[in-house]
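J.: here is a sequence with its predicted model. Questions after.
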Amino acid sequence: MQKVPSSYKDLSSSVFYDVGSNRFYRSLRHAPSLYNTIGAFPQVLDNKVGDLYEVEAIPFINYYYEWTFEQFKDSAIYFLELLKELDTQGYTFSDATPLNVTYLGNGRFTFIDHGSLIKKESEMWPAFYQFLKEYAYPLLYLSEHPTLPPLSLLPLIASKDWMFTYKPKLSHRVSLKYALLKSALTLSSKKSLTDFSDKKKKGLSNQYRYNIEFFLDYIKGLNHKFPTTTRWGNYYTETVLGNDYIQNKKKALLEFFQIIAPEVKIGMDLGASDGMMSEHIVDHFPDIAFISVESDPLASKDLYQRSKKSNILPIYNSLYGLTPALGFSESIESLSKRVSKSVDVVVGLGIIHHLMHEENLSFDKILVFMSSLVRPNGHMIIEFVAKEDPRHQLIANPNYPYLIDLEQWEASLSKFGVILYKLSLTAYRFLYLIKR
């Protein structure tokens with residue numbers, strides 16, 4: 001077995017991966033039944049190797065810097081509600097980093113670090129400062145910068161004390177809730193973190209709970225004001241291609257998935273817009289989860305809302321810069337590397353001409369990128385938009401240096417797999433099913 005790179009810090013609760021069996025194991029501080037009873041962790045299974053217990057594998061780990069503001073905010077609420085529940089059982093968390101929470105789809109989060117669970121020995125909240133640094137202040141910051149994705153927080157959070165110099169907008173600074181938040185920040189540098197004042201109060205446990213209730217109320221009140229319109233937010237609802245095109249695409253996707261569904265557990269939709277096509281697939285194939293990547297803020301927000309009722313894992317990210325590896329010695333893998341281990345089919349609908357003309361990419365370079373995101377022997381479903389298509393002409397780069405014709409496209413496709421099927425969606429749009 002090999003140690004998981006992200007598990008290098010905590011030697012008493014390390015995670016190991018067995019390549020041969022594709023199973024995860026970890027050491028535990030508490031009885032396995034405790035984690036399973038709480039129900040917020042990946043399940044601890046009956047299988048055991050030495051002192052290590054097998055734990056349920058999460059199909060795809062995703063992180064807060066790949067989410068929308070709403071998703072990040074919901075994860076904070078989930079974390080605080082979980083703290084409340086643990087408090088009634090005499091436990092708490094030693095950490096308060098959002099990296100310990102991942103999204104499962106269907107509106108569900110889970111807490112992935114069994115090692116953070118500790119017995120509550122006093123009324124001090126051990127992770128008080130970390131919660132301020134990585135949850136409360138980042139959410140305040142994003143609420144005031146509606147066009148920035150959570151990915152923009154990474155340099156700030158890496159700075160040790162960025163919250164002490166951050167100056168919110170006047171509307172926040174004059175509020176009583178912000179005054180309490182600022183007071184909490186001041187207290188976080190002191191030893192006693194049980195309350196927002198130095199006054200001794202009767203019933204110390206209520207102070208710990210008061211802190212949690214305050215943050216719940218504060219975070220629920222933070223709002224993210226998006227622009228009213230964005231470039232791609234209404235791509236499908238306002239498309240000039242008409243309803244026939246949408247219906248043809250939906251029908252073609254179902255035909256392809258009826259063929260490959262037995263081999264697919266996780267798919268990936270690149271440039272998913274508001275999630276219409278991702279949702280269409282998972283509605284008909286509920287056992288398949290879909291990682292749906294979109295960079296438009298309004299579309300991403302809608303995509304997350306849709307995910308609360310479906311098996312969709314939304315990623316708020318740009319295809320031109322997927323999230324990089326992070327941490328010491330790249331202990332947290334890049335998005336590309338994570339999906340390449342998990343994805344059985346990658347879907348690219350109406351994105352090829354954008355990659356061509358916005359990035360000056362050849363067909364081969366585009367297909368190197370797309371094929372790298374799917375496991376060996378997996379599939380690709382790609383829509384090709386010919387140069388005669390009105391949408392293609394609208395964004396065409398007059399200085400594009402490579403050939404654009406259909407024959408050249410299919411010749412490139414053949415370098416990266418076997419073309420199993422080709423369906424016409426319109427006179428100038430074609431959908432391909434390719435076996436890697």
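T.: Sure thing, it's come through. Numbers count the residues shown, from 1 in each chain.
J.: correct me, but S94 touches I118?
T.: Yes: look at S94 against I118 with Cβ atoms under 8 Å: they come within range, at 4.9 Å. C-beta here means a position set from N, CA and C on the backbone, and glycine is covered the same way.
J.: hey, what's in contact with both of these two?
T.: Residues touching both S94 and I118 (Cβ atoms under 8 Å, 6 or more residues apart in numbering): P126.
J.: next SSE downstream of whichever strand or helix holds T186?
T.: In this assignment (DSSP states H and E), T186 forms part of helix 176-187. Moving toward the C-terminus from helix 176-187, the next helix or strand (DSSP H and E) is helix 204-220.
J.: can you tell me what sits against stretch 79-93?
T.: By Cβ under 8 Å, 6+ apart, stretch 79-93 touches 38, 40, 96, 98, 100-101, 111, 116-120, 125-127, 135, 205, 208-209, 212, 215-216, 219.
J.: filter those residues down to the buried ones, ChimeraX style.
T.: Only the buried entries of the contacts of stretch 79-93 go into this ChimeraX selection, using 16 or more other Cβ atoms under 10 Å:
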select :38,40,96,98,100,101,111,116,117,118,120,125,126,127,135,208,209,212,215,216,219
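J.: where in the stretch 51-200 of the chain is pLDDT low?
T.: For the stretch 51-200 of the chain, the stretches with pLDDT under 70 are 189-200.
J.: now do the strands in it.
T.: Applying DSSP state E, counting those that start in this stretch to the stretch 51-200 of the chain gives strands spanning 52-55, 91-93, 101-105, 108-111, 117-119.
J.: what helix or strand does L413 sit in?
T.: helix 406-416.
J.: other SSEs contacting that helix?
T.: Judged by 3 or more Cβ pairs under 8 Å, 6 or more residues apart in numbering; DSSP states H and E, helix 406-416 is in contact with helix 363-371, strand 379-385, strand 429-435.
J.: ends of stretch 95-105, what's the gap?
T.: One end of stretch 95-105 sits 24 Å from the other (Cα to Cα, to the nearest Å).
J.: off-centre distance for it?
T.: Its chain's C-alpha centre and that of stretch 95-105 lie 10 Å apart, by Cα atoms, centre = their mean, to the nearest Å.
J.: got the contact list for that stretch?
T.: 58, 61-64, 67, 71-72, 75-76, 78-79, 93, 109-113, 116, 127-128, 130-131, 134-135, 289, 307, 310-314, 332.
J.: how many neighbours does R23 have?
T.: 17 (other Cβ atoms under 10 Å).
J.: what does F72 give?
T.: F72 - counted by other Cβ under 10 Å - has 27 other residues nearby.
J.: cool, and the one 5 residues further on?
T.: For I77, the count of nearby residues is 14 (other Cβ under 10 Å).
J.: next up, the contacts around it.
T.: Contact analysis of I77 by Cβ under 8 Å, 6+ apart lists 216, 219-220.
J.: which of the residues you listed lies closest to L322?
T.: L322 lies nearest to I219 out of the contacts of I77, by Cβ to Cβ, at 27.9 Å.
J.: for that closest one, give me the pLDDT.
T.: Reported pLDDT at I219 in the predicted model: 96.
J.: with the flanking residues excluded, which residue is spatially nearest to it?
T.: Of all residues not flanking I219 in the chain, A76 sits nearest, at 5.1 Å (Cβ to Cβ, 6 or more residues apart in numbering).
J.: helices or strands up against the longest strand along the chain?
T.: In the chain, with assignment by DSSP state E, the single longest strand is strand 418-426. Secondary-structure packing of strand 418-426 (3+ Cβ pairs under 8 Å, 6+ apart): helix 243-260, strand 429-435.
J.: chain center to the helix holding T186, what's the gap?
T.: 30 Å.
J.: now the lengthiest helix in the chain against strand 101-105, angle please.
T.: Secondary structure of the chain per DSSP state H: the longest helix is helix 69-88. With axes from the mean of the first three to the mean of the last three Cα atoms, to 10 degrees defining the directions, helix 69-88 sits at 110 degrees from strand 101-105.
J.: S412 contacts M370, doesn't it?
T.: No: if you go by Cβ under 8 Å, S412 and M370 don't touch, sitting 11.0 Å apart.
J.: more neighbours: which of these two?
T.: More crowded of S412 and M370, by other Cβ under 10 Å: M370, with 23 against 18.
J.: per-residue pLDDT, that one?
T.: pLDDT at M370 comes out at 97.
J.: again, but for S6
T.: Reported pLDDT for S6: 82.
J.: for it, what are phi and psi?
T.: Dihedral pair for S6: phi -70, psi 0, per degrees, to the nearest 10.
J.: what residues of stretch 305-317 count as buried?
T.: Result for stretch 305-317 [16+ other Cβ under 10 Å]: buried residues 305-307, 310-317.
J.: ignore the last one, stretch 370-378
T.: Buried residues in stretch 370-378, counted by 16+ other Cβ under 10 Å: 370-371, 373-375, 378.
J.: kindly report the same for stretch 41-51.
T.: By neighbour count on 16+ other Cβ under 10 Å, the buried set for stretch 41-51 is 41-42, 44-45.
J.: and the residues you listed as CSV, adding distance to S7 and secondary structure?
T.: Putting the buried residues of stretch 41-51 into CSV (distance: Cβ to Cβ, whole Å; DSSP: H, G, I helix; E, B strand; the rest coil) gives the following:
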residue, distance to S7, secondary structure
F41, 15, coil
P42, 14, coil
V44, 16, strand
L45, 18, strand
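J.: before we move on, back to that, off-centre distance for the helix holding L413?
T.: That offset, for helix 406-416, works out to 32 Å (Cα atoms, centre = their mean).
J.: now that helix: mean pLDDT?
T.: Averaged over helix 406-416, pLDDT sits at 96.
J.: now what about that helix, what contacts it?
T.: The contact list for helix 406-416 (Cβ under 8 Å, 6+ apart) reads 362-364, 367-368, 371, 380, 382, 384, 386, 402, 419, 430, 432, 434, 436.
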